[in-house]
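In: build the 3D model from these lines:
(2 chains)
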Amino acid sequence: MKGKNEAVQAVWTYVALLVLLVISVGLRVFHLGIVESILLLVIAGIEAVAVLLFFMRVKASSRLIWLFAGGGFLWLGILLVFVISDYVSRSWWR
Amino acid sequence: MTNNRAILYEHFSDVEQQRETSTTGIWVFVASEIMFFGALILAFSVYRFSYARAFSEGAQELNAVLGAVNTAVLFTSGLTMSLAAATNKMGAKFPTILLLLVSAILGAVFLAIKGFEYHEDWTKGLFPGEGFHWGGANSPQVQLFFILYFIMTGFHALHLLVGIGLILVIAWLVLRGWIHEEHFMPLEVAGIYWHFVDLVWIFLFTLLYLLGGKV
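Out: As a prediction, this is how the structure comes out:
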């Protein structure tokens, strides 16, 4: 049954999100410096992908939806990469 | 309206095309929202690089425990929203309404916790403006952190408030039999919006509460 499969998938996604939340909060205990920052961003990325694919049901959607969902993040990525690379590679703003 | 058939509006050729159009529409909206919150996150990131120490000191004033609890609350509301969509497709009307109401209540719990945090910040003199009080150095830069903190979390809370209203309307439509197992797209579309609010919070929590306290 379609609805039942969706429910099972949602429960597993929820469990994974809670585990990732516990890991990200628990990382603060170890004081890992830059490694911790990178791990926190990676965990946030994994959580976001899980929400997109399973909660927002992009995984089960058509290619057109993949295009629109990907498009938003693609333009955001261009904005972030170009602006941040400008700021970190110049000295005029310091 | 009978519950055993899908509603097909006249400008669509079939139900499948109608569903695809609804999903595409909400994703166009979500893409614009990604740019909206993305610009705020970009502004925060640029100033985070520029004033690392001041932003770190400001972030240490935030209540990370309440931030983590709120993240769990939002994840739980995401689950109940997904389960509502699933039970609706199974034709279970009252479990769907119950799950929708639980999602809305969890959204309200999130806002209540956020309100408590805002009150805490206000009493500590951390709300930007004339009443802002910072004992240490870099006061203007720390104030800039709190300006961005209140704008980002404030807009997120506003989106959540809209989402709660949307869920209550959907629950009413399910109760009236307008949304059912064959006509489920309004519930699916509201779900995509609700999960997007979760998605934004994942990054706000990580950037402000978890990464924020580091130099």
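In: only C-alpha atoms from now on, for both contacts and neighbour counts.
Out: OK.
In: outside of stretch B:14-25, which residues touch it?
Out: A:64, A:65, A:68, B:6, B:7, B:8, B:9, B:12, B:185, B:189 (Cα atoms under 8 Å, 6 or more residues apart in numbering or on different chains).
In: any idea which of those is least confident?
Out: Lowest pLDDT within these is found at residue B:6 (71).
In: now render the contacts of stretch B:14-25 as JSON lines, adding neighbour count.
Out: As requested, the contacts of stretch B:14-25 are arranged in JSON lines below (neighbours: other Cα atoms under 10 Å in any protein chain shown):
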{"residue": "A:64", "neighbour count": "12"}
{"residue": "A:65", "neighbour count": "22"}
{"residue": "A:68", "neighbour count": "20"}
{"residue": "B:6", "neighbour count": "16"}
{"residue": "B:7", "neighbour count": "17"}
{"residue": "B:8", "neighbour count": "15"}
{"residue": "B:9", "neighbour count": "10"}
{"residue": "B:12", "neighbour count": "12"}
{"residue": "B:185", "neighbour count": "19"}
{"residue": "B:189", "neighbour count": "19"}
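In: distance to residue B:25 and secondary structure for these - can I get that in TSV?
Out: Shown next, in TSV, are the contacts of stretch B:14-25 (distance: Cα to Cα, whole Å; DSSP: H, G, I helix; E, B strand; the rest coil):
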residue	distance to residue B:25	secondary structure
A:64	11	helix
A:65	10	helix
A:68	9	helix
B:6	19	coil
B:7	18	coil
B:8	17	coil
B:9	16	coil
B:12	14	coil
B:185	11	helix
B:189	9	helix
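In: of those, which is the nearest to residue B:46?
Out: Proximity of these to residue B:46 (Cα to Cα) peaks at residue A:68, which lies at 27.0 Å.
In: residue contacts, the closest one?
Out: B:24, B:27, B:28, B:31.
In: these in helices, which ones?
Out: Mapping the contacts of residue A:68 onto helices (DSSP state H) picks out B:24, B:27, B:28, B:31.
In: which of those ranks first by neighbour count?
Out: Counting neighbours by other Cα atoms under 10 Å in any protein chain shown, residue B:27 leads the ones in helices among the contacts of residue A:68 with 25 neighbours.
In: pretty sure it contacts residue A:67?
Out: No. In this structure, residue B:27 is not within contact of residue A:67 by Cα atoms under 8 Å, at 9.6 Å.
In: what ranges do the helices span in chain A?
Out: A:2-26, A:34-50, A:63-89.
In: for residue B:60, grab phi and psi.
Out: Main-chain torsions, residue B:60, degrees, to the nearest 10: phi -70, psi -20.
In: that one touches residue B:211, doesn't it?
Out: No. Using Cα under 8 Å, residue B:60 is not in contact with residue B:211; the gap is 10.1 Å.
In: now residue B:69: how far from chain A?
Out: Distance of residue B:69 to chain A, given as Cα to the nearest Cα, to the nearest Å: 10 Å.
In: give me the below-cutoff pLDDT ranges for chain B.
Out: B:1-5, B:213-215 (pLDDT under 70).
In: what does chain B put close to chain A?
Out: B:23-24, B:27-28, B:30-32, B:34-35, B:38, B:42, B:46, B:50, B:68, B:71-72, B:75-76, B:78-79, B:82-83, B:85-90, B:191-192, B:195-196, B:198-199, B:202-203, B:206, B:210-211, B:214 (Cα under 8 Å from any Cα of the partner chain).
In: just the buried residues of these.
Out: B:23-24, B:27-28, B:30-31, B:34-35, B:38, B:42, B:46, B:50, B:68, B:71-72, B:75-76, B:78-79, B:82-83, B:85-90, B:191-192, B:195-196, B:198-199, B:202-203, B:206, B:210-211, B:214 (16 or more other Cα atoms under 10 Å in any protein chain shown).
In: quick check: which of the helices of chain A is nearest to residue B:98?
Out: For the helices of chain A, proximity to residue B:98 was assessed by Cα to Cα; helix A:2-26 is nearest, at 15.1 Å.
In: can the closest one be said to contact chain B?
Out: Yes. Applying Cα under 8 Å from any Cα, one finds helix A:2-26 in contact with chain B at A:2-4, A:6-7, A:10-11, A:14, A:17-18, A:21, A:24-25.
In: so which residues make contact with that helix?
Out: By Cα under 8 Å, 6+ apart, the residues outside helix A:2-26 that reach it are A:39-40, A:43, A:47, A:50-51, A:54-55, B:68, B:71-72, B:75-76, B:78-79, B:82-83, B:85-90, B:210.
In: what's the first helix or strand after the helix or strand hosting residue B:42?
Out: Using DSSP states H and E, residue B:42 sits within helix B:15-50. Sequence order places helix B:52-59 as the next helix or strand after helix B:15-50, per DSSP H and E.
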